[in-house]
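Trainee: Kindly generate the corresponding structure for this input.
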Amino acid sequence: MGLIAIIMVIMGIIAFLTFGFTRSACTGLTRRLQQADILSSNVVINGRTYDLSRSAHPAATNVDAGTNVLYPPIDAAAKDLSFLFQNVNGNCKGLIKPRDNCTIPSNDDGELAWYMPCKMRPLNWTITPNFTTEYYDGYACHTSAKARKAFYSLKVQGDVYYTWDQINNHTRNLIVYNGHVLDMDLIKWFQTDDLTYPDLFDKLMNDESLRGYDISLLLTEPHERQIANCLVETVKIGVVDTSTIGCIAATIVLYVSLVFVLAIVIVKFVVACYFK
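Mentor: Below is the predicted model:
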């Protein structure tokens, strides 16, 4: 009975290391999708995918009540709608400021309604900035409390992720900060006729030596970190393809336990052959 108990304990330990440890150490992961995996029923907003296949837009200028924006005339399927739901007045407050002749609505605290034209973008490339106005200033900028509440109620399908090979492709001006992938060419979309932003924006955008690299350790001063977090809120397109420490540890333990079990089986086979 003692021998059987010892065997059962060892079996339990091996079973936990093989199956349970991975589930306990590698948890809380958000689903991740590459651009090629994004369906026509999805849109991307601030680096996250949303399923709008059953959505119905309320009545608005040039949009009938109940319209699904995935289809014409909006035709938003598999496009980036980040500029329609811009993150403003968060980490960017005090960094991005209105000019004296600013046409963007703002208040006495320097808070702005938007930073960039509220237009849709393709996912796989950066289009030339388009500052033309459709219908009226701020058209398609979802700044009202009702529009924001509807946006926040959408269920996130997953994060858009990029591999290092994609990030190192110098046809796009991509850098990484704290796991976030930033498209620095999107800085060109800021309405500079109406607002100002830190000079570091342009330095990071124009420095070709930074393309494809992680600049997290370069921006260490509090002011620089605020600028980097502001960029995350405004020009983020996804996350970098990485594994958590827990998942890496679980993988290592899985392989070690596999080698250990196989070694025992091989030793038993060799000993059995030796003693016939």
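Trainee: quick one, strands of the stretch 151-276 of the chain?
Mentor: Listed in chain order, the strands of the stretch 151-276 of the chain (DSSP state E, counting those that start in this stretch) span 156-162, 174-177, 180-183, 195-196, 236-240.
Trainee: got a list of contacts for the second one?
Mentor: When contacts are taken as C-beta atoms under 8 Å, 6 or more residues apart in numbering, the neighbours of strand 174-177 outside the stretch itself are 162, 166-167, 181-184, 204, 210-216, 219, 228, 231-232, 237, 240. Heads up, the C-betas are built off the backbone N, CA and C, glycines and all.
Trainee: neighbouring contacts of stretch 118-128?
Mentor: Against stretch 118-128 from outside (C-beta under 8 Å, 6+ apart): 35, 38, 44, 76, 78-84, 86, 130, 138-142, 160, 172-173, 183, 185-186.
Trainee: Kindly apply the preceding question to stretch 99-110 instead.
Mentor: Taking C-beta under 8 Å, 6+ apart as the rule, stretch 99-110 contacts 93-94, 97-98, 112-115, 137-138, 191, 193-196.
Trainee: again, only this time at 6 Å
Mentor: For stretch 99-110, the external contacting residues (C-beta atoms under 6 Å, 6 or more residues apart in numbering) are 97, 98, 112, 113, 194.
Trainee: Now for this protein, the helix or strand with the poorest mean pLDDT.
Mentor: helix 21-25 (a mean of 78; mean pLDDT, DSSP states H and E).
Trainee: hang on, the earlier thing: looking at the contacts of stretch 99-110, spot the one nearest residue 266.
Mentor: Taking C-beta to C-beta as the measure, residue 266 lies nearest residue 112 of these, at 67.8 Å.
Trainee: now the helices for the stretch 101-250 of the chain?
Mentor: Using DSSP state H, counting those that start in this stretch, the helices of the stretch 101-250 of the chain run over 145-152, 164-167, 199-206, 222-235, 245-275.
Trainee: so what does the first one touch, helix or strand wise?
Mentor: Put plainly, it is helix 145-152. Helix 145-152 sits against no helix or strand, with contacts defined as 3 or more C-beta pairs under 6 Å, 6 or more residues apart in numbering; DSSP states H and E.
Trainee: Which one, of the helices of the stretch 101-250 of the chain, ends up nearest to residue 20?
Mentor: That would be helix 245-275 among these, by C-beta to C-beta, at 9.9 Å.
Trainee: buried stuff in that closest one?
Mentor: Neighbour counts over helix 245-275 (16 or more other C-beta atoms under 10 Å) mark 246, 250, 253, 257 as buried.
Trainee: cool, and stretch 21-36?
Mentor: Per 16+ other C-beta under 10 Å, stretch 21-36 contains these buried residues: 21, 22, 25, 26, 32, 33, 35.
Trainee: and if you look at stretch 199-210?
Mentor: 200, 201, 204, 205, 210.
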